[in-house]
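Asker: here is my input, please return the structure:
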Amino acid sequence: MKKIGVFGGTFNPVHRGHEISALGFYDKFALDKLLIIPASVPPHKQNYGGVSAADRLEMCRLCFGKYKDNRHIEVSDAEVKKDGVSYTFDTIDALRKVYPEQTSVIYFLVGSDMFLYLEQWHKYRELLEMCVFVVAFRQTGNSDAGAVQKFRESLASRGYRTELLENTAFEISSTELREKLRSGIGGLCEYISPEVIDYIKERKIYVL
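Answerer: Residues are numbered from 1 along each chain as shown. Predicted coordinates for the structure are as follows:
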């Protein structure tokens, strides 16, 4: 069985935490391919500061392009090129036509905060049938841990498989990074790839 990983999000901007999660995801589940799929208009984040989907897509390509020689990581425009809201169900449904369940397992990486709202997602039951949700915690000492475990047990009792990604947490959010970028704070290579920082400067993204 092929193992296909899917990592979606706004990536606004893509940062080291996304890289850490992606690489940990790829390695832990021995993925044959990992698809990074920036959202066009995510249903839960209608306002993301005027940063275009095209720019977020290109930042992802710059960030993950450096891994092409040792990992099969591909940045996909599947959601960006579509009009309207990006529903995870539509994306996974389309992937299932390329990677049928008879020959492939699709693993879908999701942050613990979003996982806890899974029952509010569009066609979430169908999604649970189509892929394996892998939960990542965004910060150390995460207060979601107990709730995540309880919800995973509830899903397991209904026959749904989920997994945990025991990744190294990243202690800064995209929101905080946007504020630092708008404030002109330098020295952010600890948090954002140099290639992405150069692109942000060139395109004057996040400038007030």
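
Asker: confirm Leu127 sits in a helix?
Answerer: Yes. The assignment for Leu127 by DSSP: H, G, I helix; E, B strand; the rest coil puts it in a helix.

Asker: quick one: neighbours of Val207, just the number.
Answerer: If you count neighbours by other Cβ atoms under 10 Å, Val207 ends up with 10. Using the backbone N, CA and C atoms, a C-beta is placed for each residue, glycine as well.

Asker: the helix or strand hosting Gly8 pairs with which strands?
Answerer: Following DSSP states H and E, one finds Gly8 within strand 2-9. When pairing is defined by DSSP bridges, strand 2-9 lines up against strand 33-38 (parallel), strand 104-111 (parallel).

Asker: give me whichever of those strands is most buried.
Answerer: strand 33-38 (a mean of 23; mean count of other Cβ atoms under 10 Å).

Asker: next SSE after that one?
Answerer: Criterion used, DSSP H and E; the element after strand 33-38 is helix 53-64.

Asker: what's the burial count for the residue nearest to Lys81 when sequence neighbours are not counted?
Answerer: Counting by Cβ to Cβ, 6 or more residues apart in numbering, Lys81 lies nearest to Ser40, which is 7.8 Å off, once chain neighbours are set aside. By the criterion of other Cβ under 10 Å, Ser40 has 21 neighbours.

Asker: can you check the pLDDT for Ser40?
Answerer: pLDDT for Ser40: 86.

Asker: next one: the one 5 residues further on
Answerer: We note a pLDDT of 54 for Lys45 in this prediction.

Asker: and Tyr48, by the same measure?
Answerer: For Tyr48, pLDDT reads 51.

Asker: gap between Glu74 and Gly111?
Answerer: 21 Å (Cβ to Cβ, to the nearest Å).

Asker: and Ile200, by the same measure?
Answerer: Taking Cβ to Cβ, one finds Ile200 at 23 Å from Gly111.

Asker: repeat for Phe89
Answerer: Taking Cβ to Cβ, one finds Phe89 at 18 Å from Gly111.

Asker: what segments of the chain are strands?
Answerer: Secondary structure of the chain (DSSP state E): strands located at 2-9, 33-38, 73-75, 104-111, 132-136, 162-165.

Asker: of the ones you listed, which is nearest Glu119?
Answerer: strand 132-136 (12.1 Å; Cβ to Cβ).

Asker: what inclination does the closest one have with respect to strand 2-9?
Answerer: 50 degrees (axes from the mean of the first three to the mean of the last three Cα atoms, to 10 degrees).

Asker: paired strands for strand 132-136, with orientation please.
Answerer: Here, using DSSP bridges, strand 132-136 pairs with strand 104-111 (parallel), strand 162-165 (parallel).

Asker: which residue sits closest to Gly24, ignoring its sequence neighbours?
Answerer: Gly24 sits nearest to Asn167 (Cβ to Cβ, 6+ apart), 4.1 Å away.

Asker: how many neighbours does the one you found have?
Answerer: 19.
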